[in-house]
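Novice: sequence isn't available, so here's the structure alone:
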């Protein structure tokens with residue numbers, strides 16, 4: 001089983017300078033490869049593979065860009081492979097690959113020749129020698145790939161992909177008593193079918209006042225000045241704090257839900273379509289629904305739990321979970337409603353979560369009736 005471990009590293013000033021060269025080389029190769037791919041397709045309708053680009057890189061090193069030899073060759077090849085993967089995802093429906101710049105997050109991959117020393121708190125990286133690493137946990141297994149990254153706030157991290165040679169745990173049997181449905185919302189972040197609610201912390205809106213003030217200060221600074229660079233770092237730290245708070249919250253509640261239930265049922269939400277609503281786009285963006293579902297998905301694999309996804313067009317909110325009657329007149333503003341048939345009073349989110357659980361276990365219930 002493959003698992004990734006992320007640690008903070010503390011490179012020296014000399015190592016930081018060397019890493020800046022590594023990042024620049026990988027960025028140059030990626031952007032040049034992307035330009036070649038676009039040019040080849042535009043002019044001759046030819047798709048260049050990462051192997052074609054790697055062969056061209058050899059000539060580039062010998063003639064025009066000899067400074068690329070300062071960076072490990074395998075890291076440059078990994079940059080081209082990442083470009084090829086980005087193109088593959090584009091043809092599967094993803095976004096078109098973008099050119100990299102030195103102002104965003106930087107990263108470089110090392111496919112081999114990396115060693116860790118937990119006792120001395122160091123990690124050995126090609127052409128960097130020993131880098132101080134803060135190990136908050138240990139791992140056992142073979143190191144597959146190491147990704148070294150630098151955030152926009154100037155922090156350095158290393159992510160180590162490890163094969164621990166263990167099989168994925170077997171999935172637990174699907175039973176109604178150990179199954180929970182999750183309804184994701186805006187007013188309440190998540191409501192479970194058993195009545196448990198997880199609040200929407202509104203982290204972006206809480207930090208929006210400070211963020212707006214810092215961004216206005218950045219806009220007043222002269223471009224290219226040292227003060228602008230300092231203020232850019234301040235704005236990046238505000239964004240980083242909000243992002244870290246949200247990620248920490250999503251990790252905590254996703255772990256709690258997965259550990260307490262054997263089967264989890266969720267909706268397949270059209271998040272990109274919902275983001276087109278100008279009145280709700282900010283509220284949806286700060287929640288991190290896609291990240292939350294990703295956390296639930298891989299943690300279910302880790303712990304041997306089941307994840308069932310229902311269709312996005314099932315009217316989970318409008319169906320009475322007690323009798324199956326559909327209330328067509330239900331509005332988005334109605335948080336509570338009473339079934340016209342069985343007179344059951346419903347909390348909108350809890351009722352939706354119960355229906356999601358029902359859909360996940362048995363498909364759409366056979367006792368669904370349409371209200372006239």
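Specialist: That came through fine. Computed from a predicted model, the values in this text were never measured in an experiment. Residues are numbered from 1 along each chain as shown.

Novice: residue 265 against residue 362, yeah?
Specialist: No. Counting by C-beta atoms under 8 Å, residue 265 stays clear of residue 362, with 10.8 Å between them. For the C-beta atoms, the positions are set from N, CA and C on the backbone; glycine is no exception.

Novice: the two - which one has more neighbours?
Specialist: residue 265 (25 against 10; other C-beta atoms under 10 Å).

Novice: spell out the secondary structure type for that one.
Specialist: strand (DSSP: H, G, I helix; E, B strand; the rest coil).

Novice: residues in contact with it?
Specialist: 179-182, 308-310, 356-357, 359-361 (C-beta atoms under 8 Å, 6 or more residues apart in numbering).

Novice: these in helices, which ones?
Specialist: Per DSSP state H, helices hold the following members of the contacts of residue 265: 356-357, 359-361.

Novice: and the helices in the stretch 251-372 of the chain, which stretches?
Specialist: All helices of the stretch 251-372 of the chain, identified by DSSP state H, counting those that start in this stretch, fall at 271-274, 281-285, 289-303, 348-362.

Novice: now residue 167: closest residue in space that isn't a chain neighbour?
Specialist: residue 1 (6.6 Å; C-beta to C-beta, 6 or more residues apart in numbering).

Novice: pretty sure the one you found contacts residue 164?
Specialist: Yes. Using C-beta under 8 Å, residue 1 is in contact with residue 164, at 5.8 Å.

Novice: so for this protein, the centremost residue is which one?
Specialist: In the chain, the C-alpha nearest the mean C-alpha coordinate belongs to residue 291, at 5.0 Å (C-alpha atoms, centre = their mean).

Novice: now that residue. Nearest residue, chain neighbours left out?
Specialist: Closest residue to residue 291 apart from its sequence neighbours, by C-beta to C-beta, 6+ apart: residue 250 at 5.8 Å.

Novice: pretty sure the one you found sits against residue 292.
Specialist: Yes. Contact status for residue 250 versus residue 292: in contact at 4.9 Å, counting by C-beta under 8 Å.

Novice: low-scoring stretches of the stretch 51-200 of the chain, by residue?
Specialist: Of all residues in the stretch 51-200 of the chain, none has pLDDT under 70.

Novice: all helices of it, in order?
Specialist: So, for the stretch 51-200 of the chain - with DSSP H, counting those that start in this stretch - the helices run 73-91.

Novice: if I look at residue 160, how far off is residue 23?
Specialist: In this view, residue 160 and residue 23 are 19 Å apart by C-beta to C-beta, to the nearest Å.

Novice: just residue 302 next, same as before
Specialist: On the measure of C-beta to C-beta, residue 302 and residue 23 end up 32 Å apart.

Novice: same deal with residue 49?
Specialist: Distance, residue 49 to residue 23, by C-beta to C-beta: 24 Å.

Novice: neighbour count: the two, which is higher?
Specialist: Ranked by neighbour count (other C-beta under 10 Å), residue 49 and residue 23 place residue 23 first, with 20 against 13.

Novice: contact partners for the more buried one?
Specialist: Contacts of residue 23 (C-beta under 8 Å, 6+ apart): 102, 106-108, 150.

Novice: name the nearest of those relative to residue 15.
Specialist: Residue 15 lies nearest to residue 150 out of the contacts of residue 23, by C-beta to C-beta, at 11.6 Å.

Novice: quick one, what contacts the nearest residue to that closest one once chain neighbours are set aside?
Specialist: Distances taken as C-beta to C-beta, 6+ apart put residue 106 closest to residue 150, at 4.5 Å, once the chain neighbours are dropped. By C-beta under 8 Å, 6+ apart, residue 106 lies in contact with 23, 27, 149-150.

Novice: try it again with 10 Å
Specialist: 19-20, 22-24, 26-27, 100, 148-152, 156 (C-beta atoms under 10 Å, 6 or more residues apart in numbering).

Novice: residue 160 now?
Specialist: Taking C-beta under 10 Å, 6+ apart, we find residue 160 in contact with 3-7, 110, 114, 116, 123, 133, 139, 141, 143-148.

Novice: give me the neighbour count for residue 180.
Specialist: Neighbour tally, residue 180, other C-beta under 10 Å: 22.

Novice: find the nearest non-adjacent residue to it, please.
Specialist: residue 261 (4.4 Å).
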